[in-house]
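Colleague: Curious how this folds, go ahead:
(2 chains)
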Amino acid sequence: MKRNFLTILTAIGLVTTTVVGCSTDAGGNNTIKIATQSPLSGSSSTLGEAIKLGAQLALEENQEKFKKLGFTLELVPYDDQGDPKVGVANAQKLAADQSILGIVGHLNSGVAIPASSTYENNSIAMVSPANTAVELTEQGKKSVNRIVARDDFQGPAAYGFATDNLKAKNIFIIQDKSAYGQGLAENFKKVAEQKQAKISAYEAITVGEQDFNGVLNQVAAKKPDLIYFGGLYGEGGLLVKQAREKGLNMPVMGGDGFDSSDMVKIAGKGVKNTFYTSVAADISNTPEGQNFVKKYQAKFGEKKAVQSFSYYGYDSMGVILKGLEDSITKNGNKKPSREQVRDAIRAVQDYQGIATKVGFDAKGDNKYAKVFVFQFEDKYPGKQVGVIEKQ
Amino acid sequence: MQEILSTLPQVLLDGLTLGAIYAVVALGYTMVYGILELINFAHGEIFMAGAFIGTALLFGFVDIGLALNWVTLVLVLIFASLLTGVIGVGIERVAYRPLRTAPKLIPLISAVGISFILQDVVRFVAEYKTGNYIVTGQTIFENKIAIPAFSVGGYEVHASAIKSNTLIVIGIAVLIMIVLDIFVNRTKWGIAMRAVAQDRATAALMGINVNKVISLTFFIGSAIGGATGVLYAQQYATINPFIGFILGLKAFTAAVLGGIGNIRGAMFGGLLIGLLEVFAAANLGILTGGALGAEYKDVFAFIILILVLIFKPAGLFGQAVKEKV
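Modeller: Here you go, the predicted model:
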């Protein structure tokens, strides 16, 4: 009985794949498809869907233009579930569909890195709206690009803001011994040491603990004028709260691990003098941003709140379409090959998106990527108080 | 030296607060071990459940418009400890009593199982009710007491601040410990408990209802564990279903340090571990010239534990147990 059931399941699976396969093969020679890969289910599906919808908006706005060139644009959304295995399986599926010429994705660096090998082998261009892990572009892949800043720029950016805007001269660094927190703190420390700033201590706490009074007593003794914390909002929030309770009111700065509404909930009123860096801008206050929000909600409904990744999804798609257009022109208005599109996208030098300007360097990193500094007032999200550009 | 001394009052106070919490939780471990020779690993989760019950009650009080003051704190403490006491008795009845004659390892495993169940039940309920299992509760006493800077014998001590809640935590914890000590040493039920701990079979022959005494022990241990959970939630404001794990481990260590099975030993062990931990976190960097930082505070505390156990294997207050015949 059980075996019968399994056979039926397998049969259904086979049929479905064939049907899906057929449908993706359909469409004439003049159909160009762009895929998105982001988590559309699971805990980070809000962000994954924001990427997809942003990309969809950009694609649909450009359909007219490509129609005039003689091509039909189509969006193929894939759900990578935030899981490397699923991401790679999807990558192989979409590599088999020859009409797919570009990919917007992923949300998670852990998924993007393994999937990017498949893209590279099949010469499909990928533009990432969200991945910050350094090694993504360090392997010299021709098809991998990103429009956001890298992790190793967050530390220097935070240091620049701390010394220029907050006038910090004596900095106390605390990290949480995790890969993320320690990496962030060490990047920060490296820059500070190069610039010969005074680091009064480099200490660590343990994730999962709740009493940080010991290390805070050390802060009280060293009297720094800034605490830099490498870690997430859970420990960060408690650290800020307990520091304020001890009467330690100096600014506390962290990375995008602070970028959560729980940070405000946990730290309470003490959150005020807290700063964090993020690779995603908040452009909801600019005219372009407001215009985008209007378009977005007119299309997808009022309930779909615009996330900052919506802008980046939109811009990633914009860059791909720009490269696609260039390669079509170059190819004498004929459908370009994957290699041509890939090289044309890498060649984009000054594309003006709504959230960021894009120009790729030899590795596929965005030359214009910036890091944004936010300050918590008493609600989430924080107010954008600084923009730091790469030198 | 100057740096160590300048923060010493703060370090002592923080260490005492953390230590008082460890001590009261350690009591639960040591009482159950004393009577059943069972390490009740679910005790850390009972503490956590107490923290959540207390937080939920406070949210409820705010909803029906009660003012948050002394009276509400006492009410919450009573309700939460009654509930956790009942949970403790229930756990004993379901997970330990049927296994009382089984090899010692078996109830240990069921204790670990119970703690997973409690963690996930609380996580499920918290997530269902608030959308997030990390819960930030109401704080009743939020005011701070400022301590001005002063100098002793040429050493300057920093100005600092403590929460009034810190004093409440220490006060109530000490009160619980004194009452428990009197109960165990001076009352009829206390004598019965000690008798069962000494020799269960003989105690039964002397007309003591052993099952009742064991249930009572679980009730008291869990109730004070739950009450400590309430105090903890007040002190740190943010709780999650996994706070019981690390804290339970350290409280258990405190019980071993003091001599497991010994109530005064558990109190002393808890205070000592708390003080050592905060002292190490604040001063390890200074003592080692920056080579070892605050992250080694647990290593430091556990080295002390190992040293103590090498020279006094039964713990600081423990007596070498005679083989039961």
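Colleague: got the residue ranges for the strands in the stretch 1-150 of chain B?
Modeller: Ranges of strands within the stretch 1-150 of chain B are B:135-136, B:144-147, B:150-152, based on DSSP state E, counting those that start in this stretch.
Colleague: do the stretch 101-250 of chain A as well
Modeller: A:125-128, A:144-146, A:170-175, A:198-204, A:226-230.
Colleague: Sheet-wise, list the partners of the first one with their directions.
Modeller: The reference is to strand A:125-128. Counting by DSSP bridges, the strands paired with strand A:125-128 are strand A:100-105 (parallel), strand A:144-146 (parallel).
Colleague: Output the below-cut-off pLDDT ranges for the chain.
Modeller: All of this refers to chain A. Applying pLDDT under 70 to chain A flags residues A:1-28, A:391.
Colleague: oops, I was thinking of chain B
Modeller: Using pLDDT under 70, the flagged stretches of chain B are B:320-325.
Colleague: Try it again at 80.
Modeller: Within chain B, the stretches with pLDDT under 80 are B:1-3, B:5, B:131-132, B:142, B:147-161, B:289-291, B:318-325.
Colleague: and the gap between the closest residue to chain A within it and B:L5?
Modeller: Minimum separation of chain B from chain A (C-beta to the nearest C-beta) falls at B:A281, amounting to 2.3 Å. C-beta coordinates here come from the backbone N, C-alpha and C atoms, glycine included. Per C-beta to C-beta, to the nearest Å, B:A281 is found 17 Å from B:L5.
Colleague: Compare these two and say which one has the larger neighbour count.
Modeller: Shown here are B:A281 and B:L5; by other C-beta atoms under 10 Å in any protein chain shown, B:A281 has more neighbours (33 against 18).
Colleague: In terms of helices and strands, where is the more buried one?
Modeller: Per DSSP states H and E, B:A281 falls inside helix B:263-287.
Colleague: tell me the angle that helix makes with strand A:198-204.
Modeller: 150 degrees (axes from the mean of the first three to the mean of the last three C-alpha atoms, to 10 degrees).
Colleague: how long is stretch A:114-134 from one end to the other?
Modeller: Using C-alpha to C-alpha, to the nearest Å, one end of stretch A:114-134 lies 14 Å from the other.
Colleague: so what's B:G34 closest to, chain neighbours aside?
Modeller: B:G261 (3.8 Å; C-beta to C-beta, 6 or more residues apart in numbering or on different chains).
Colleague: can you confirm that neighbour is in a strand?
Modeller: No - B:G261 is assigned coil when assessed by DSSP: H, G, I helix; E, B strand; the rest coil, not a strand.
Colleague: From B:L36, how far out is it?
Modeller: Distance of B:G261 to B:L36, computed by C-beta to C-beta: 10 Å.
Colleague: Neighbour count: the two, which is higher?
Modeller: B:G261 (24 against 21).
Colleague: so that one sits right up against B:L27, yeah?
Modeller: No - using C-beta atoms under 8 Å, B:G261 makes no contact with B:L27, being 11.4 Å away.
Colleague: At the geometric centre of chain A, which residue do we find?
Modeller: A:A130 (1.6 Å; C-alpha atoms, centre = their mean).
Colleague: And that residue, how far from chain B?
Modeller: 23 Å (C-beta to the nearest C-beta, to the nearest Å).
Colleague: Quick check: closest non-adjacent residue to that residue.
Modeller: Leaving aside its sequence neighbours, A:A130 sits nearest to A:L107 (C-beta to C-beta, 6+ apart; 5.1 Å).
Colleague: can you pull the contacts of the closest residue to A:D262 other than its chain neighbours?
Modeller: Counting by C-beta to C-beta, 6+ apart, A:D262 lies nearest to A:Y233, which is 5.3 Å off, once chain neighbours are set aside. A:Y233 makes contact with A:257-260, A:262-263, A:266 under the criterion C-beta atoms under 8 Å, 6 or more residues apart in numbering or on different chains.
Colleague: Would you mind naming what in the stretch 151-300 of chain B lies close to chain A?
Modeller: Applying C-beta under 8 Å from any C-beta of the partner chain, we find that the stretch 151-300 of chain B lies next to chain A at B:158-161, B:163, B:236-238, B:240, B:242-243, B:245-246, B:277-283, B:285-286, B:290, B:293-295, B:297-298.
Colleague: Let's see that with 10 Å instead.
Modeller: Contact residues (C-beta under 10 Å from any C-beta of the partner chain) of the stretch 151-300 of chain B with chain A: B:158-163, B:165-166, B:232, B:235-240, B:242-243, B:245-247, B:250, B:274, B:277-286, B:290, B:293-298.
Colleague: Can you flag which of the residues you listed belong to strands?
Modeller: Using DSSP state E, B:160-163, B:238-239 are the members of those that sit in strands.
Colleague: What's the local residue count around the residue in the stretch 1-150 of chain A that chain B sits nearest to?
Modeller: Residue nearest to chain B within the stretch 1-150 of chain A: A:S43 (11.5 Å; C-beta to the nearest C-beta). Residues lying near A:S43 (other C-beta under 10 Å) number 9.
Colleague: residues shared between the contacts of B:G261 and B:L27?
Modeller: B:A255 (C-beta atoms under 10 Å, 6 or more residues apart in numbering or on different chains).
Colleague: does B:V213 sit in a helix or strand, and which one?
Modeller: Secondary structure (DSSP H and E) places B:V213 in helix B:210-236.
Colleague: residues shared between the contacts of B:G261 and B:L36?
Modeller: B:A197.
Colleague: how much space is there between the closest residue to the residue of chain B closest to chain A other than its chain neighbours and B:G289?
Modeller: Nearest residue to B:A281 in three dimensions, chain neighbours excluded: A:G214, at 2.3 Å (C-beta to C-beta, 6+ apart). Distance of A:G214 to B:G289, computed by C-beta to C-beta: 18 Å.
Colleague: And for A:D225?
Modeller: 23 Å.
Colleague: For stretch B:157-167, C-alpha coordinates in PDB please.
Modeller: The C-alpha trace of stretch B:157-167 is given here as PDB (Å, rounded to 0.1, in the frame of the first residue of the first chain):
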ATOM      1  CA  VAL B 157      35.000  55.100  43.200                       C
ATOM      2  CA  HIS B 158      32.900  56.000  40.200                       C
ATOM      3  CA  ALA B 159      29.400  57.500  40.400                       C
ATOM      4  CA  SER B 160      26.900  55.000  39.300                       C
ATOM      5  CA  ALA B 161      23.300  54.000  39.400                       C
ATOM      6  CA  ILE B 162      21.400  50.900  40.500                       C
ATOM      7  CA  LYS B 163      17.800  50.000  39.800                       C
ATOM      8  CA  SER B 164      15.500  49.900  42.700                       C
ATOM      9  CA  ASN B 165      14.400  46.500  41.300                       C
ATOM     10  CA  THR B 166      17.900  45.200  42.100                       C
ATOM     11  CA  LEU B 167      17.300  45.700  45.800                       C
END
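Colleague: Now do the contacts for the residue of the stretch 1-150 of chain A closest to chain B.
Modeller: A:S43 neighbours (C-beta under 10 Å, 6+ apart): A:G82.
Colleague: what does B:I147 give?
Modeller: B:I147 neighbours (C-beta under 10 Å, 6+ apart): A:247, B:9-10, B:13, B:157-162.
Colleague: what residues does the stretch 101-250 of chain A put near chain B?
Modeller: Checking the stretch 101-250 of chain A against chain B by C-beta under 10 Å from any C-beta, the hits are A:174-177, A:200-223, A:233-234, A:237-238, A:241-242, A:244-248.
Colleague: Now restrict those residues to buried residues only.
Modeller: A:174-176, A:200-206, A:209-222, A:233-234, A:237-238, A:241-242, A:244-246, A:248 (16 or more other C-beta atoms under 10 Å in any protein chain shown).
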